[in-house]
Structures are given as structure tokens and as C-alpha cells.
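1. Build the 3D model from these lines:
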Amino acid sequence: TFGYMLHGYKDCSYLPAVILTDEIVSDDPNGGSGKGIIIKAISNFKKVVEIDGKNFDFARSFAFQRVNLDTQIIAFQDVQSKFDFEKLFSIISEGISVEKKNKDEFSIPFSESPKIMLTTNYVIKGTGSSHERRKIELELCNYYHAGFSPKDDFGRRLFDGWSDDDWNRFYNFMFDCVRAYLQFGVIAASVGNLPYKKAISGTSKDFIEWSEENIEVDNEYNKKYLFDDFINKYQDFSKL
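-> Okay, the predicted model is just below:
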């Protein structure tokens, strides 16, 4: 995925956004897994425009005014659970129109438009082939956290106070990622908790917990019995 974001090649039939999310399942996700570090790593090679995903509004005037003709990546940082990913479809597949205050609007065609990245502590909602072919989802584990930082790991911060040898190791790793991308294309990441998180997001945590206790694969059930049992145990869903 690093190689995919770093290389300038664009396939009009497949140019998904990269979505970085946390592997941890929590009612109060708080990040810290290193999503921002990945954006910073890529920004050492590409012209990245970072957008505050928490407060971003597609309907707002001049929403993309910081995007320029030479912008190579747009990174939406910390998007929330209600982020409307579908509104990025045309930008991902066709290019982007940019309106700046007191200036003429201009368009960046698909062949030259930026690739898209998102970081989030939540599940990006949306199902179906239109959604799936427009996103690469990567789960990051909490290897680093409040009590264990890259400085604890290496004795110094990432990208800060590095020697020439440090930078050369970093550059070689990133160029090796490009080589791997050119050789194999985008390789699907191993799946962790994302399907479980999507199931909770599409229904509710109560329903998923009840399902795990009451439904087994390859068994046949009377749906009315299951429905009545769920409603009886979770009466907040009586109007389901």
C-alpha cells in the first residue's frame, strides 16, 4: 500500500482510497496506533494536503481550497463515523474540481488528480461493489500506545534527529515497497477485527453479542422464534 500511494501510476478501473483504521474494538476509540505517522512518512515523498476530517463538510464553500494542481495526495485525518464516503466516489474515479476564495474554479482531471487517504477510529459505512472497489482498508494494531512510543522503541522520535544512515534505511524501505507494488500490485491485507466492527456498525453491539450466543453456523432456525427471543431480551429494540 505504501508503494501504491508513492507511485504515480493511475488505473482508471482501479484507484481506491486508502483507509487506515484501528484494529481494536472499543465503544470509545481514541487512536494512537500510528495512522498519522504513516501520513507523515508518505509526505516525505509526495505533496500531501491534510484535511481535518472531524470538521470537514462537503457542502461547505471552498472545501478543497488548499488543494493545488501539484497536490498528489489528499489525506482526510480522523474522519468520524458519519463521514459520507460516497461523496468521494467522483473524486476517486473522475478527478476533482477546486474552488478557491476570490479565484476562478479549476478542475484536475483524473490522470493528474490526487490519490485519497483517510484515517479514522471508526468504520467507514457503505456496502456493495461500488464501495468495496473504491477502498483499501488497513487495520493498525496498537503496537504503540500512550505508554510505549517510537522514542521508547528506538531512542529517538521518527523523522526527528535522524542521521543520513537512518534516512537511507527509510528511503530504501519505501522504494522497496514501490518495487513490491510494481511486481505484485496491491496485496490484500490480512483481516483482523474489521468484519466484526462492520457487523456492529451495521446493526448494534447488543445484536452481535446475542447472535454469537444464540446462532451457530449450519443450523436451521425459526426466524420468528429468534426475533421474539431477541426482542424479549433487548426490549429497547421492540420497534425493530
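
2. what about the worst-scoring helix or strand of the chain on mean pLDDT, distance to the chain center?
-> Within the chain, no helix or strand scores below helix 129-132, which has a mean of 79 by mean pLDDT, DSSP states H and E. Distance of helix 129-132 from the chain centroid (CA atoms, centre = their mean, to the nearest Å) equals 14 Å.

3. just checking, next helix/strand downstream of that helix?
-> Next helix or strand after helix 129-132 toward the C-terminus (DSSP states H and E): strand 135-140.

4. And the contacts of that next one?
-> For strand 135-140, contacts defined as CB atoms under 8 Å, 6 or more residues apart in numbering pick out 1, 4, 16-23, 33-35, 85, 124, 186, 189, 191-194. C-beta here means a position set from N, CA and C on the backbone, and glycine is covered the same way.

5. Adjacent strands (with direction) for it?
-> Applying DSSP bridges, strand 135-140 is found paired with strand 17-22 (parallel).

6. Dump the strand it pairs with to PDB, keeping only the CA atoms.
-> The C-alpha trace of strand 17-22 is given here as PDB (Å, rounded to 0.1, in the frame of the first residue of the first chain):
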ATOM      1  CA  ALA A  17      -8.800   5.300  -1.500                       C
ATOM      2  CA  VAL A  18      -6.600   4.000   1.300                       C
ATOM      3  CA  ILE A  19      -8.400   3.900   4.700                       C
ATOM      4  CA  LEU A  20      -6.300   3.500   7.800                       C
ATOM      5  CA  THR A  21      -8.300   2.300  10.900                       C
ATOM      6  CA  ASP A  22      -7.700   0.800  14.300                       C
END
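
7. Residue ranges in the protein under the pLDDT threshold?
-> In the predicted model of the chain, residues 26-33, 240 satisfy pLDDT under 70.

8. That's all I had, so thanks and see you.
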